Each structure stands twice: as structure tokens, then as C-alpha cells.
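Enquirer: Here is a sequence together with a model predicted from it:
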2 protein chains.
Amino acid sequence: MRVRHSLADVGEFGFLRRLLPSLKRGRGVLVGPGDDCAVVTTGKRILLTTDALVEGVHFERGWLSPEEIGAKAVLVNLSDVAAMGGRPRFLLLSLGVPGSISRTDLERLHRGAERAARRAGAAIVGGNLSAAERLFVSVVVVGEVDKPILRRGARPGDRVYVSGTLGDAAAAVAWLANAGGSRRAAPRRRDLSFLLRRFAAPTPRLESGRRLAAAGVVSAMIDVSDGLVQDLGHICAASRVGAVVREDEVPRSAAYDAVIGADATLSLRGGEDYELLFTVPRAKQARFERLRPRLPDRITLVGEITAGTGSVRVRDRSGRTRRLQSGGFQHFRLA
Amino acid sequence: MRVRHSLADVGEFGFLRRLLPSLKRGRGVLVGPGDDCAVVTTGKRILLTTDALVEGVHFERGWLSPEEIGAKAVLVNLSDVAAMGGRPRFLLLSLGVPGSISRTDLERLHRGAERAARRAGAAIVGGNLSAAERLFVSVVVVGEVDKPILRRGARPGDRVYVSGTLGDAAAAVAWLANAGGSRRAAPRRRDLSFLLRRFAAPTPRLESGRRLAAAGVVSAMIDVSDGLVQDLGHICAASRVGAVVREDEVPRSAAYDAVIGADATLSLRGGEDYELLFTVPRAKQARFERLRPRLPDRITLVGEITAGTGSVRVRDRSGRTRRLQSGGFQHFRLA
């Protein structure tokens, strides 16, 4: 359901925007393309989402173990279900597999996917295996939801929150892509392994997502897959509002600070953190604050929704605001 | 839901067989992996199926127009829904797109997919766009079904039927892969364009599938994607029976005869025809014969189910039977 990676000359956001109006709503389609999941009904509300990991685009094979590739392909999809406040139920895997991959590695990949699904209370119910020149893992999740939280409900004055810390996965990718290249100094093993883990095994915030949705305190929600600025931009565009983010308040891990230093760029623009990004109306602030300590994840206030038309401004510690290009996270490699 | 293409050294059938027992049935999973679609329920019975088209494996880009690639990726999935006797409702597209593909071609691909979905009464509700070195289109269909027709209900004595004609798509691929190579003679344009059309734009037998399922006359059903022998082998393995096919009775098109000649091999073993292959118990034969003339597709008797353990024998016109290797359809190219 997400378009995450800049294609060299395709300009996929524009492309999808142009396509969306042509996708007529069919019978039973409550929410079509353009949010984290589609919402359809055949009696009960059903979430549908798909996302793919592609070798050479999202990872190189040496970066992740087969189990991690399988698990991550599942986890990034579960994150979309979390961002709707839903519950994942059923998964399908579509694999494209080069002949150079051993049967053992394929089994390990599948085991990783299965374990990730099971931990979230979901079952892999089917799949497809094709030959391919480079590995891809495309996953579909079918979920359930009572009241889906969309991207389009944010209003000026709402506060903007994120779960966890941001920029960790991008810091890991920056290190991996540059490994062997020039760096300031080798990072400590503990910091590096924390960042690599954040990249390899994202933690979809399913329980926080469900509890926020159930409490009725959230006006819009998305998961941070393209980077804070870009994904907040998606909420703003869908809600026809603007937003301001305070750079200093964006939560960064100690490992990020140790490996990247004071530069906040990757925490603002780095993708693949799979944290929840959501807005809370002022009128629901008190209820949200009562819920907040009972959520399993750390939640940080990072900014406010303003009037505007989709633009996200970043305010630095000196009080200067700047508008970031919407180009968002550039992947380490473009095909 | 299908494993269609031999991987060079992966042996995917064995691989999937080994994985299946490990896929525990989750809550709401009525039919897990191993049939044309999974059947899940969240109140109503839901079909889930996924299949991918991969450039260089299922097609070369010059063989199919962008619209045809998009449409075919949808149609092969709809065929799985037809083979369960279901009704397609919602689709998701996951695209892997090389930078060399123009925006126009991508829009044409999407338009082809959308038109194919709409004609079947289904709606594309979401998707995902990734960069990739070679084009892939992975589609998921969510369908509805009252009483799914599985592969496992065939019994000795049941008659075996197929819709349409077989071998046309394989004849087209043989011609395309060999174009410029040595051939007996250039085929007539009309014959060739018929075969190419059968390869480029398969016609999922949705209405026949639904009517056969609704009439309750069919004991097992599958679509012919890997070739008659191999797919009948899937029915036999799931049902723990054998089968005999009479080579002379396998329906072949006039174009097949004109381009391929008397050799029946591609009609027995060629993949990608997306016809229905089903079994009818003798006790339901009379009811089936009353239904048959009202079905929109030509239906041909090709053999019988026998005792046995998954083996399919082919009887030629001289009455000799031979057991075909289960290797099935080899794709024109393996990655």
C-alpha cells in the first residue's frame, strides 16, 4: 500500500497520484488505495496491504540472514496494519528466487517469515514461488479492524507524536553501504549491532496502534517507512493541513548519536524505522495522556499540525524553520 | 498459491511439500496452502491467492505490450479463483519496476490490470511500487466463495474434463522463444495471432467455475497452469488417486494443429492455458450433462480417475499407456 522508493525516472508519487482517481470504488471498498491499507468489507471490515523487499534495492543478500529477509518482509507489512489500528490475520508470500539460492536458505527465509507472522498472531495461508534473477519477497497481509485510523483526519492544532526512536535503520544502511569506505571512526560494536538490528528486524507497533485506535484519541496515523518528514507529509496531504516538527525533539537512540553524531538529518528523513506517527486533537489530549503510560512503546511529542497545504516545516534549535524537499528517503541504490 | 516454474536447483515442489506441514492452521483458516486459493473466514468465506509474472522468466518485455503484462498478471490470479468456484472481489498489485520503464508504460500496465479486474467484477484496492532490476508484477486476489471446490475430492471412477483447448500458450511460447530460429515453415498469421493471444490474454473461466461449483456436480477442480499432466497430478496427489488421460481426446485448437502439427506433447504438458480441469463423479454425471450445454465454455472429456497414488498415465491412439515424468512444463528460461 505504500510507495517507498524513488524510481530513477518514474517519479512514483506523481504516478500513483495520477492513478488514484481512476481507481473507482468497487462494492465493498471502504478505503481504496492511498492509505496504509485498503479497507474492504464482506461482512466484517478487512484490511489489505502489500509491500515487497527487493534484493539490490532494499538490501544486499550479505546484509541480512535468510531468516531476517523473510521476517522483515513480513514485519514491514504488519507495520501498515499497526498504522490502521488493526489486527493481522492472514498472510501470503510471493517469492522470486534466483537459482543461486539454496534450498536451505529458502527454508530459512520461510521460517523467518513464519515466525514473524506467528508472533503477531497471524498465519501464512499461501504463497507463490517464481524464478527470478534477483531475490524478491512480496507479502500481503489480510487484517481485521473495527475502526480504521486513516491518514486524512489531522486538523490544525493537533499534536504530532512518534513511537520509539527515528533514524536508526537509515544509520545502519549508511554504515552498511559505506562499509570499507572512509568513516570517522569504527563505531562501538554494541551501538552498531543495535542499529543493524533496527534495520534487520523492525518492530511493528501493533499493540500501541490497536490501543490508540480503540481509545479513539487519534485523528490520523501512519507508519514511518519513508522518513518522518515524508510520512508526515503524507498525513498533511491527505488531511489538507501543514505541520511543523521541532528537530531537537525528534527521538534519537544513543546508538544513533554515537555512530552518526549531532546531525539530525537521518532521523528526519531516514526511512524504514516502522514507528507509528500520529496526531492527537487537543480536545482528546487528556484522554491520550491517561493512555500513554500504559502503551508498551515510548511515545514522543515532535510537533504540531498547522494550517497549510501538505507542507512540513522543520524548526531547528535556533528557532529557524525550513521547508524540506519532499523527496524523502533516497534508497542506497536505485535500479 | 501455485508453484509453477521449475527453479534450476531448488526443486520447489519438494520444497513446498516439506514446508506445508509446518504451516499450522490459524484461527479462521479453512484451507491453508496447497490448493488454488487459501480459504479464510472472518464471518464470510474468503479466498486468497497470489501469483507473479517475472520478466525473463514468464515473458520478455518485447513479447507483451504493457497493457498485456498488467492484464495477464491479473488474469492468471483470477483463474485460481475460478478453479475454486469463487467470485473475485479485491486485488492488490505489487510492482517491481526497472528505471528503464517509462511512466507511460507503467500507466499502460496499470490500465491493463485495471481493465482485466473490472471485467471480472473486481476492484484494485491497493498496491506497492518498488524499484527492481527486472520487471515483476505480483498480484493478490481476495475473493468470495460459498462452497469452495478443492483439489482433494476426486475418487476412482470420476470422469476428467477440461474447458477450452490446451497447449496454445505453450505453442506460442515455443514460437516466440524460437523466433528467428529454424522452423518448418512460417505459420499463417491468423493461427499465430490466435496462439499469441492465448498466451498474452488468458481467459479465466470464472462463470463456468462458479456454475460448476453451484451445481454441486464437481468433486475436484484446478486450473491448468503447469500443464494437463502436472495439474491432474496435483488433483491425484491431493485426492490420493491416479488418472488416465486419452491423448487423442485432449482438445487442441486448429491453430495448434497448424503450427505444431500432430505432436500432442505441448497439449499434455504445456503450461499457462488457464483452463479448468475438473472431475465429475459418475453419480452426478446426469446432472452435469444437463448443466454442460448451458456453460459458456466448451467442455471436453479427457480421461478417468483410477486407483493409484498420484500417478497420471497417458494412453495413445494405439492403446499403449505411458507414465509421464512429473517434471511438467519447463519454462523457456530459468534464472
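Expert: Sure, I can see it. Numbers count the residues shown, from 1 in each chain, chains lettered A, B, ... in the order given.
Enquirer: rest of the way, CA atoms for contacts and neighbours
Expert: Fine.
Enquirer: ends of stretch A:91-107, how far apart?
Expert: From its first residue to its last, stretch A:91-107 covers 17 Å (CA to CA, to the nearest Å).
Enquirer: is it up against chain B anywhere?
Expert: Yes: using CA under 8 Å from any CA of the partner chain, stretch A:91-107 reaches chain B at A:Leu92, A:Leu93, A:Ser94, A:Gly96, A:Val97, A:Pro98, A:Gly99, A:Ser100, A:Ile101, A:Ser102, A:Arg103, A:Glu107.
Enquirer: so where's the stretch 101-250 of chain A shaky on pLDDT?
Expert: For the stretch 101-250 of chain A, residues meeting the criterion pLDDT under 70 lie at A:179-185.
Enquirer: So which residues of it form strands?
Expert: A:123-131, A:136-144, A:159-163, A:220-223, A:242-246 (DSSP state E, counting those that start in this stretch).
Enquirer: quick one, the first one and strand B:136-144 angle?
Expert: This points to strand A:123-131. 140 degrees (axes from the mean of the first three to the mean of the last three CA atoms, to 10 degrees).
Enquirer: Going by contacts, tell me the helices and strands next to strand A:123-131.
Expert: strand A:87-97, helix A:103-119, strand B:45-54 (3 or more CA pairs under 8 Å, 6 or more residues apart in numbering or on different chains; DSSP states H and E).
Enquirer: Show me how far the longest one is from its chain's centre.
Expert: Between the mean C-alpha location of helix A:103-119 and the chain-wide mean there is a distance of 21 Å, by CA atoms, centre = their mean, to the nearest Å.
Enquirer: Which strands and helices lie in contact with it?
Expert: Taking 3+ CA pairs under 8 Å, 6+ apart as the contact cut, helix A:103-119 packs with helix A:66-82, strand A:123-131, helix B:12-19.
Enquirer: number of nearby residues for A:Leu268?
Expert: Residues lying near A:Leu268 (other CA atoms under 10 Å in any protein chain shown) number 25.
Enquirer: A:Leu277 contacts A:Asp226, doesn't it?
Expert: No: the pair A:Leu277 and A:Asp226 fails to qualify as a contact (CA atoms under 8 Å) at a distance of 11.6 Å.
Enquirer: So A:Thr300: helix, strand or coil?
Expert: Look at A:Thr300: counting by DSSP: H, G, I helix; E, B strand; the rest coil, its state is strand.
Enquirer: Which strand residues bridge it?
Expert: Counting by DSSP bridges, A:Thr300 is bridged to A:Val162.
Enquirer: Now do the same contact list for it.
Expert: The contact partners of A:Thr300, taken as CA atoms under 8 Å, 6 or more residues apart in numbering or on different chains, are A:Tyr161, A:Val162, A:Ser163, A:Gly164, A:Glu249, A:Val250, A:Pro251.
Enquirer: Narrow those residues to those that are buried.
Expert: A:Tyr161, A:Val162, A:Ser163, A:Gly164, A:Val250, A:Pro251 (16 or more other CA atoms under 10 Å in any protein chain shown).
Enquirer: From A:Phe199, how far out is the fourth one?
Expert: As for A:Gly164, its distance to A:Phe199 is 14 Å (criterion: CA to CA).
Enquirer: Over to A:Arg294: give its phi and psi.
Expert: The phi and psi values for A:Arg294, taken as degrees, to the nearest 10, are phi -90, psi -10.
Enquirer: By neighbours, which of the residues of stretch A:91-107 next to chain B wins?
Expert: Neighbour max across the residues of stretch A:91-107 next to chain B (other CA under 10 Å) = A:Leu93, 30 neighbours.
Enquirer: Is that residue in contact with A:Ser130, as I believe?
Expert: No: using CA under 8 Å, A:Leu93 is not in contact with A:Ser130, being 11.1 Å away.
Enquirer: Could I get the helices and strands packed on strand A:123-131 in JSON lines, plus columns for distance to A:Leu78?
Expert: Shown next, in JSON lines, are these (distance: least, CA to CA, whole Å):
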{"stretch": "strand A:87-97", "distance to A:Leu78": "7"}
{"stretch": "helix A:103-119", "distance to A:Leu78": "8"}
{"stretch": "strand B:45-54", "distance to A:Leu78": "17"}
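Enquirer: Of those, give the one that comes closest to B:Arg298.
Expert: With CA to CA as the criterion, B:Arg298 lies closest to strand B:45-54 of the helices and strands packed on strand A:123-131, at 25.7 Å.
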